[in-house]
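K.L.:
no sequence on this one, just coordinates:
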Ligand code: CP
Ligand code: NVA
C-alpha cells in the first residue's frame, strides 16, 4: 500500500482496503507509543495547521502526533493569517506548499479544502468541514474494532442531526466497511439524497446496508453502536437552537434508548458533548429552554457503555497514521 503524496479530504476518495490500512497502521502506532518505541521517522519535516473553527481534539492530535513523528508544527488560528480575507485559498495553498510538507485545514465548505489540496502540491488533511470529518472516521472505526472485535456486520445507529459532517462521514465509513448504518432522526435531518445514493451503491458491493428511519424502536433493535453529535454545529447561527431542540429531542440518546439496543452496545460521540450544565452554551440553553442535557444524557455519557474517551484518544493515533502514510514511503 503506498499512499505517499495523497491528500486526505473525504473517505469517498479511498477504497475499503486503503481505509482498513489507515486503521491497522493506527493500531500499530498506538502499540508503539504504549511500549515507548520511538517512531520519529519524519524528523526534519514541517506541517501547517489551519483552523478557521475552534478545536481541542483535532488540533492537539495533529500537534502531538507530529511531535511523536519528529515533525515541527506551525499553527494558524482563525484570526492570525491572511487566509480568505486578504489572500485567496489558491494563493495561500501555493505559498504554504513551498514551505511545508503537509497542511491540515479545518473550516467551512468542503470546496475550500479541495481547492487547497488542488494547488498546494503537498498532502492536505481535512480536519473538519461542514460536510465531512474524515480523520474522526478512522478514530471511530478503530474504537469500534477495539471494543467489538470487528467492523463488518456491525449495526451502527446514528441519532440526531444526520445531515451534517458527522452523519455524512459515518454513513460513508459504514458503507465502505460493510456495516449496517441507520440514521435515526426526523426526516428533515436525513442525509442528502445524493450521498445516500452513493453510499447505497457502495453498500451493494461491501455487504453494508443504509437505512433512514424516524422509528426509534425499529432503528435501535439489535444495535451494536449508538452514536450522536451536537444538535447545532460550529458555524451555524444561534437562532436555530429552538427548532433543533424541538425536532431532535425525540432522538436524544438516553437510558431508555440504550435499553433498546443490544446489552453489549457501546455509546459513541465525537465530542464536545452537551451532557450537563458545565459549559457556557449548556447553561445558556438551560436558561432559555430549560434543558439540563441535550443530545445525550449525563447518565449515558458517564455509563460503562460509553467509550467516548477511548475515541478521543484514538484521534491522535489515527491522525498520526494518516500523516505517516501520506508523507512517508511505507515500503
Ligand atoms: N471531535 C473533534 O473534532 O473535536 P474538536 O472540535 O475538539 O477538534
Ligand atoms: N458537528 C460538529 C462536529 C464537531 C467535532 C461540528 O461541526 O461542530
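P.N.:
That came in fine, so what should we check first? Quantities reported herein were computed from a predicted structural model and do not represent experimental measurements. Ligands and ions are numbered 1, 2, ... in the order given.

K.L.:
for stretch 21-35, what is the average pLDDT?
P.N.:
Mean per-residue pLDDT for stretch 21-35: 98.

K.L.:
to clarify, my last question referred to stretch 255-275.
P.N.:
Per-residue scores along stretch 255-275 average to 98.

K.L.:
from residue 84, how far off is residue 55?
P.N.:
17 Å (CB to CB, to the nearest Å). (Glycine included, C-beta is placed from N, CA and C.)

K.L.:
neighbour-wise, which of the two wins?
P.N.:
Set residue 55 next to residue 84 and count neighbours by other CB atoms under 10 Å: residue 55 wins out with 18 against 15.

K.L.:
the more buried one touches residue 105, doesn't it?
P.N.:
No: in this structure, residue 55 is not within contact of residue 105 by CB atoms under 8 Å, at 11.5 Å.

K.L.:
so what sits against both of the two?
P.N.:
residue 127 (CB atoms under 8 Å, 6 or more residues apart in numbering).

K.L.:
is it fair to say residue 256 lies in a helix?
P.N.:
Yes: counting by DSSP: H, G, I helix; E, B strand; the rest coil, residue 256 is part of a helix.

K.L.:
what about it, neighbour count?
P.N.:
Residue 256 has 12 neighbours, counted by other CB under 10 Å.

K.L.:
what are the contacting residues of stretch 102-119?
P.N.:
Taking CB under 8 Å, 6+ apart as the rule, stretch 102-119 contacts 7, 9-10, 45, 47-53, 55, 58, 62, 89-90, 92-94, 96-97, 120, 122-132, 235, 323, 326-327.

K.L.:
what residues does the stretch 1-150 of the chain have near ligand 1?
P.N.:
55, 56, 57, 58, 128, 136 (CB under 6 Å from any ligand atom).

K.L.:
hmm, the third one is touching residue 314, no?
P.N.:
No: Residue 57 is not in contact with residue 314 according to CB under 8 Å; the separation is 10.0 Å.

K.L.:
more crowded one of the two?
P.N.:
Between residue 57 and residue 314, counted using other CB under 10 Å, the more crowded position is residue 314 (26 against 21).

K.L.:
report the secondary structure state of residue 105.
P.N.:
Three-state assignment for residue 105 (three-state DSSP): strand.

K.L.:
you'd agree residue 8 is up against residue 327?
P.N.:
No: counting by CB under 8 Å, residue 327 is not a contact partner of residue 8; they are 10.8 Å apart.

K.L.:
shared neighbours, the two?
P.N.:
With CB under 8 Å, 6+ apart, residue 8 and residue 327 have common neighbours residue 123.

K.L.:
more crowded one of these two?
P.N.:
Higher neighbour count among residue 8 and residue 327: residue 8, with 26 against 22, using other CB under 10 Å.

K.L.:
what's the nearest residue to that one if we skip its chain neighbours?
P.N.:
The spatially closest residue to residue 8, leaving aside those adjacent along the chain, is residue 125, at 4.7 Å (CB to CB, 6 or more residues apart in numbering).

K.L.:
quick one: the helices in the stretch 101-250 of the chain, in order.
P.N.:
Ranges of helices within the stretch 101-250 of the chain are 110-120, 134-148, 165-176, 193-206, 216-220, 241-248, based on DSSP state H, counting those that start in this stretch.

K.L.:
residue 184: which of the ones you listed is closest?
P.N.:
helix 216-220 (3.7 Å; CB to CB).

K.L.:
in that closest one, what's buried?
P.N.:
If you call a residue buried by 16 or more other CB atoms under 10 Å, then helix 216-220 has these buried ones: 216, 219, 220.

K.L.:
then stretch 238-247?
P.N.:
241, 244, 245, 247.

K.L.:
residue 294: which element?
P.N.:
Using DSSP states H and E, residue 294 is not contained in any helix or strand.

K.L.:
ramachandran angles for it?
P.N.:
Per-residue torsions, residue 294: phi -120, psi -100 (degrees, to the nearest 10).

K.L.:
let me know whether it touches residue 282 as I believe.
P.N.:
Yes: using CB under 8 Å, residue 294 is in contact with residue 282, at 7.4 Å.

K.L.:
how many other residues sit next to the residue lying closest to residue 137 once chain neighbours are set aside?
P.N.:
In this structure, residue 137 finds its nearest non-sequential neighbour in residue 173, 4.4 Å apart by CB to CB, 6+ apart. Neighbour count for residue 173, taken as other CB under 10 Å: 24.

K.L.:
what sits against residue 173?
P.N.:
11, 19, 137, 140, 141, 179.

K.L.:
strands along the stretch 1-150 of the chain, start to end?
P.N.:
Using DSSP state E, counting those that start in this stretch, the strands of the stretch 1-150 of the chain run over residues 46-51, 72-76, 102-106, 124-126.

K.L.:
relative to strand 102-106, how tilted is the longest one?
P.N.:
It refers to strand 46-51. 10 degrees (axes from the mean of the first three to the mean of the last three CA atoms, to 10 degrees).

K.L.:
what residues does this protein have near ligand 2?
P.N.:
128, 164, 165, 166, 229, 230, 233, 234, 270.
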